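Asker: Need coordinates for the below:
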Amino acid sequence: MDYFKIGGVPEHFNLPWHLTIDEGAFRAQNIELQWQDFPGGTGAMCEALRNKEIDIAIILTEGIIKDIIAGNPSTIIQTYIQSPLIWGIHVGFNTNYKTIEDLKNTTAAISRYGSGSHLMAYVNAQKNNWDTTTLQFEVIKNLEGAVDALTNGSADYFMWEHFTTKPLVDNKTFRRIDDCPTPWPCFVIAVRNEIINTKKEQLQTILKTINATTTNFKNIPSIDKTLAHRYDQQLNDIKEWLQSTEWSQEILSDSTIHSVQKQLFALDIIKEIVPVDSLTSKL
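Answerer: The predicted model follows:
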C-alpha cells in the first residue's frame, strides 16, 4: 500500500475526493489517501507542502503559482476546477458600507499572506482602479476569524467563496456587497516534487481515479441534496453552484499560466515571469 497525505479546503468543491476515498476506490488500487482539511485555505496548504506535511494539495491556481515562483518545491499536475471561483465581497451586516467604492482605503480581512483572500484583494482593487500599493490587511486565519473581525471592526471587508459564506449572509452576519470572479480556472492539483520524482505511477492512478468521479459527479443521484446537507447549504444555492461549476481532467493550459503570471506580475505580487514547465508537469 502506498500512502499519500492530501489537503484541501472543507468546501463543496472537494466532495468528489471524499466520496472516492470513502467508497474505497483508491484502496482498490493499493493507494491510501489521508485527507486533511485546511480551513485556512491556500496559504496554509502552501506552507504544508513546503514543510512536507502533505504530499498533494487541491489549491487555488494563483496562490500555488505565486508560491512555486517564491520557492515552493511543488508542481501543478492538473486542473481540478475549470470554472472561475466566485469570490463574494462581504462586510459586517450592521456596517454602513453599501458599495464597492465605500471600501476604498479600508482594511481587508485575509486568512494569511499569500492566500487567495489576500491575492484576490489585489485583483479586486485593480478591477476598481484603486491604488494597490495602499491596500491594508488584517490576518484572521479562517472564516471564523473573519466573522470576529468584521463584527468587532478590526477589518472592514472579507473576500471568500460566494456559496461557502452564503449561510452567513442568510443569517445576517455578513452582507455581500458584490462578487469578484477569478479570471482563470480556480483550483488545481499540486504535488511536492519529491513525490512526483518517486511515485509518478501512483500519482497517475490517483488522477485516473478522481477523474472518473469528477467526470460523472453531477450525474450522481441526489448529489445536490447530499451537498446541501453535508455543507449546510440551501438546496437552491447548491443547484445554482452545480450549474456554474465545471470539473476538469486536463493539465492547466500554457495560456492560462501566462495570464495568471502576467496579472500577478502587474500587481507586483511576483517579481518575475517564469517558464511554464517550471510550474506544471504532465505525468
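
Asker: any idea where the helices of this protein begin and end?
Answerer: Using DSSP state H, the helices of the chain run over 15-22, 42-50, 61-69, 116-127, 143-152, 166-170, 193-198, 200-215, 223-230, 235-244, 254-266.

Asker: can you put those in TSV and add mean pLDDT and mean neighbour count?
Answerer: (Each C-beta comes from the backbone N, C-alpha and C, glycine too.) Listed next are the helices of the chain as TSV, based on pLDDT from 0 to 100; neighbours: other Cβ atoms under 10 Å:
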stretch	mean pLDDT	mean neighbour count
helix 15-22	98	17
helix 42-50	96	24
helix 61-69	97	24
helix 116-127	95	23
helix 143-152	96	18
helix 166-170	96	17
helix 193-198	98	14
helix 200-215	98	17
helix 223-230	97	16
helix 235-244	96	15
helix 254-266	94	16
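
Asker: will you turn those helices into TSV that also has distance to Ser281?
Answerer: Compiled in TSV, those are given as follows (distance: least, Cβ to Cβ, whole Å):
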stretch	distance to Ser281
helix 15-22	21
helix 42-50	15
helix 61-69	11
helix 116-127	23
helix 143-152	32
helix 166-170	36
helix 193-198	6
helix 200-215	9
helix 223-230	31
helix 235-244	29
helix 254-266	12
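
Asker: Compare those helices and give me the one nearest Leu85.
Answerer: helix 116-127 (7.5 Å; Cβ to Cβ).

Asker: CA atoms only: put that closest one into CSV for me.
Answerer: Output of helix 116-127 as CSV, limited to C-alpha atoms (Å, rounded to 0.1, in the frame of the first residue of the first chain):
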residue,chain,number,x,y,z
GLY,A,116,-6.5,33.6,-2.1
SER,A,117,-8.3,36.2,0.0
HIS,A,118,-5.0,38.2,0.0
LEU,A,119,-4.3,37.9,-3.7
MET,A,120,-7.9,38.5,-4.8
ALA,A,121,-8.0,41.7,-2.8
TYR,A,122,-5.4,43.0,-5.2
VAL,A,123,-7.3,41.7,-8.2
ASN,A,124,-10.5,43.4,-6.9
ALA,A,125,-8.6,46.6,-6.2
GLN,A,126,-7.1,46.7,-9.8
LYS,A,127,-10.6,46.0,-11.2
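
Asker: What lies in contact with that helix?
Answerer: 41-43, 60, 62-63, 66, 85, 87, 89, 100, 108-112, 131-132, 135, 137, 158-160, 180, 182-183, 263-264, 266-267, 269 (Cβ atoms under 8 Å, 6 or more residues apart in numbering).

Asker: Give me the buried subset of the residues you listed.
Answerer: Buried members of these, scored by 16 or more other Cβ atoms under 10 Å, are 41-43, 60, 62-63, 66, 85, 87, 89, 100, 108-112, 132, 135, 158-160, 180, 182, 263-264, 267, 269.

Asker: Which of the residues you listed fall in strands?
Answerer: 60, 87, 89, 108-110, 158-160, 180 (DSSP state E).

Asker: And the residue nearest to Asp254 when sequence neighbours are not counted, how far from His258?
Answerer: Excluding the flanking residues, the one nearest Asp254 by Cβ to Cβ, 6 or more residues apart in numbering is Val276, at 5.0 Å. Distance, Val276 to His258, by Cβ to Cβ, to the nearest Å: 7 Å.

Asker: swap in Arg112?
Answerer: 27 Å.

Asker: Over to Thr182?
Answerer: 15 Å.
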